[in-house]
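Chemist: can't give you the sequence, but here's the structure:
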């Protein structure tokens, strides 16, 4: 299935539904979304109407509060609750990096920092996702481009759903399809000046692979990270997510 959800001003909004597990299940479509900044939405526009039509009841904004204040938050609406959970505690400027910086190892190191620093916020995000799943209501989480912080949280959730590492990495790399539009937006915001880093906006498979390898070396698995670093019952959390977000894979439904 095509998991991309088209909008005019959002470039990286997609449904995690369709990702499959080795035991013959798939993530239910229409329940868990990941996105680039929802601050680009405006009331009384087709994009806004489309967003509301998805029935989303919880919005998790993973950006720093200063990012949300400076670049806009999603407009308020009685149909959903908004949570600003900044999981990144050590900001870094990808646009200013030099061309010799290899994006895979560099991004993996930053993701590992986030996993170590943002435990309180990541824990709360996972709790909200489990609550939404248990209540059978759709949820979306996002950051600025929908790649780094969003990609990390997506990886944790998909891992808890028993989605294979190869599929988690593939989901991460789908941001590559949105990279040209995200880059164009950045250039437009900076008076036509391109970022210094040639890899700005890219989502190489090596970044997610190296991050997951680092997590596994330290904690044994995603479940080990959730248990040890986040102090959550990974078994219970995984069971809740699987019971509510997985469905039997029907014939003719290939992996998304």
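Modeler: Looks like it arrived, so ask away. Model, not experiment: these values are computed from the prediction.
Chemist: Pull the number of nearby residues for residue 94.
Modeler: As a burial measure, residue 94 scores 21 neighbours (other Cβ atoms under 10 Å). Any C-beta I mention is one placed from the backbone N, CA and C, and that applies to glycine too.
Chemist: can you give me the helices for the stretch 51-200 of the chain?
Modeler: Counting by DSSP state H, counting those that start in this stretch, the stretch 51-200 of the chain has helices at residues 65-71, 103-117, 119-135, 149-160, 165-173, 179-189.
Chemist: and those helices, which is most packed in?
Modeler: helix 149-160 (a mean of 25; mean count of other Cβ atoms under 10 Å).
Chemist: Let me know the angle separating it from helix 119-135.
Modeler: 60 degrees (axes from the mean of the first three to the mean of the last three Cα atoms, to 10 degrees).
Chemist: How far off centre is helix 149-160?
Modeler: 6 Å (Cα atoms, centre = their mean, to the nearest Å).
Chemist: Now do it: which elements does it pack against?
Modeler: strand 32-35, helix 103-117, helix 119-135, strand 139-142, helix 165-173, helix 205-219, helix 222-228, helix 234-245 (3 or more Cβ pairs under 8 Å, 6 or more residues apart in numbering; DSSP states H and E).
Chemist: about what we covered before: now the helices of the stretch 51-200 of the chain in CSV, please, with extra columns for distance to residue 80 and mean pLDDT.
Modeler: Converted to CSV, these look like this (distance: least, Cβ to Cβ, whole Å; pLDDT from 0 to 100):
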stretch, distance to residue 80, mean pLDDT
helix 65-71, 16, 95
helix 103-117, 25, 98
helix 119-135, 10, 98
helix 149-160, 17, 98
helix 165-173, 23, 97
helix 179-189, 24, 94
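Chemist: and of these, who's closest to residue 206?
Modeler: helix 103-117 (3.1 Å; Cβ to Cβ).
Chemist: returning to that earlier point: the helices of the stretch 51-200 of the chain: which one's closest to residue 230?
Modeler: helix 119-135 (4.4 Å).
Chemist: quick one on the thing from earlier: could I get the helices of the stretch 51-200 of the chain as JSON lines with distance to residue 244?
Modeler: Shown next, in JSON lines, are the helices of the stretch 51-200 of the chain (distance: least, Cβ to Cβ, whole Å):
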{"stretch": "helix 65-71", "distance to residue 244": "29"}
{"stretch": "helix 103-117", "distance to residue 244": "25"}
{"stretch": "helix 119-135", "distance to residue 244": "4"}
{"stretch": "helix 149-160", "distance to residue 244": "12"}
{"stretch": "helix 165-173", "distance to residue 244": "19"}
{"stretch": "helix 179-189", "distance to residue 244": "31"}
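Chemist: How about the contacts made by the residue lying closest to residue 199 once chain neighbours are set aside?
Modeler: Counting by Cβ to Cβ, 6 or more residues apart in numbering, residue 103 is the residue found nearest to residue 199 once chain neighbours are left out, at 3.9 Å. Applying Cβ atoms under 8 Å, 6 or more residues apart in numbering, we find residue 103 in contact with 199, 202, 204, 206, 207.
Chemist: if we can go back for a sec, need the helices and strands packed on helix 149-160 in TSV (columns: distance to residue 73).
Modeler: Listed next are those as TSV, based on distance: least, Cβ to Cβ, whole Å:
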stretch	distance to residue 73
strand 32-35	13
helix 103-117	21
helix 119-135	16
strand 139-142	11
helix 165-173	25
helix 205-219	27
helix 222-228	28
helix 234-245	26
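Chemist: and residue 151, which of the ones you listed is closest to it?
Modeler: helix 165-173 (4.7 Å).
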